[in-house]
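Asker: Provide a 3D model corresponding to the input given below.
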Amino acid sequence: MATMVLQTRVSTGGTAASCSSSFMGLALSPARSLPFATLRRPLTISVELKRWERKEVKPNSLPVRQNLHVKVGDTVQVISGADKKKIGEVARVYTHNSKIIVKNVNLKTKHVKGKAEGETGQIVQIEAPIHSSNVMLYSKEAKVASRVGHKVVEGGKKVRYLLKTGEIIDSTEEWKKTNKKEKLLPQLM
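Answerer: Here you go, the predicted structure:
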């Protein structure tokens, strides 16, 4: 929005003053110099992310996937947070941010609109993700939470086991289903 200034001219005779304004039939003229200087530089906003907020990326800008100690179907116990001591099964794993969804743990209330016209909305409880470091694998037989270890069993298969009880978590059949390298081997032969 341009600023308009009324210009008045005073004659040297001192008796007659002529005024040029839109009221006298003349157009207003824009101001020639503004009382303040305007800067027309591009605005750059730099936001520094904290070290724990930065995500590692590969050269193609995709996030680096994290190897987690839990997999879908594992029974885990929550060791910290509001749902501490709760036991549940892992429903989903997010490897890009190391979060997991455990059934009936970290329930959040979500208000959902009705899909059809005239249909009323609902209040639904959903399981929100929690960080994988907040859970430990749980042994149903010994009823104890334990850290996980890796060992090679006869036949050269690498399996996960509970350190406290020695219980093997992965059977060799389940390991074949989840291991991508072993999925490709039967197809090549």
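
Asker: use CA for all of it now, contacts and neighbours both
Answerer: Noted.

Asker: So what does Ile100 have for phi and psi?
Answerer: As for Ile100, its main-chain torsions (degrees, to the nearest 10) stand at phi -140, psi 160.

Asker: Would you enumerate the residues in contact with it?
Answerer: Val90, Ala91, Arg92, Val93, Tyr94, Pro129, Ile130, His131, Ser132 (CA atoms under 8 Å, 6 or more residues apart in numbering).

Asker: Show the pLDDT at Tyr161.
Answerer: Residue-level confidence at Tyr161 comes out at 94, pLDDT.

Asker: same check, this time on the one 10 residues further on
Answerer: Predicted confidence (pLDDT) for Ser171: 70.

Asker: Around it, how many other residues sit close by?
Answerer: Residues lying near Ser171 (other CA atoms under 10 Å) number 13.

Asker: mind checking how far the nearest residue to it once chain neighbours are set aside is from Gly149?
Answerer: In space, not counting the residues next to it along the chain, Ser171 is nearest to Val159; the distance is 7.3 Å by CA to CA, 6 or more residues apart in numbering. Distance from Val159 to Gly149, counting by CA to CA, to the nearest Å: 8 Å.

Asker: ok so, going back, between all of the contacts of Ile100, which two are separated the most?
Answerer: Ala91 and His131 (13.4 Å; CA to CA).

Asker: neighbour count winner among the two?
Answerer: Neighbours of Ala91 and His131, each counted by other CA under 10 Å, are more numerous for Ala91; the result is 17 against 13.

Asker: Am I right that the more buried one falls within a helix?
Answerer: No: read with DSSP: H, G, I helix; E, B strand; the rest coil, Ala91 is strand and lies in no helix.
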